[in-house]
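Novice: Task: produce atomic coordinates for the following.
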Amino acid sequence: MTEARAKVSSINIDPENLTNEDIAAFQEAQDEFSNAISRLLVTVEAYTELKANHNFLALQADLKEIEAEIIVRRDAFNASVKAYNILVLKFPRNIFARMFGFNERAYFEAQEGAEQAPTVEF
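Specialist: Numbering: from 1, shown residues only. The predicted model follows:
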């Protein structure tokens, strides 16, 4: 989990030079981090005293807030990309966009099944 968190935080994305490869690398790191969190939650099921621990309950609340924030930010990013792509692809702007090197950008897509949070019974 520490490695996955470090990988996510080490990725620096320059919004001025955003490429599809940058988005793919970021998505891959996010997927690894999500998988690590899922494994943590499954492991915790075996430890009843940890499940009732105040710090763990606070961690769960924080994770829910982070998941909600990720959804909001992903939707905002994709809305911006959609607006940008419409400007770049629509005639007559597309002629000038191609001349000056403005190309269509990729959307941020979560891994399949990411909309469903892992179910953990306590």
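Novice: Just the element for F91, please.
Specialist: If you go by DSSP states H and E, F91 is not part of any helix or strand.
Novice: Could you check how far it is from A97?
Specialist: 10 Å (Cβ to Cβ, to the nearest Å). From N, CA and C alone the C-beta is placed, and that goes for glycine too.
Novice: Looking at these two now, which is surrounded by more residues?
Specialist: More crowded of F91 and A97, by other Cβ atoms under 10 Å: A97, with 17 against 6.
Novice: Excluding chain neighbours, give the residue nearest to the more buried one in space.
Specialist: Spatial nearest neighbour of A97, excluding adjacent residues (Cβ to Cβ, 6 or more residues apart in numbering): V88 at 4.4 Å.
Novice: which is the next helix or strand following the helix or strand hosting that neighbour?
Specialist: Per DSSP H and E: V88 is located in helix 54-89. Downstream of helix 54-89, the next assigned helix or strand under DSSP H and E is helix 93-99.
Novice: What is that next one packed up against?
Specialist: On a contact count with 3 or more Cβ pairs under 8 Å, 6 or more residues apart in numbering; DSSP states H and E, helix 93-99 meets helix 54-89.
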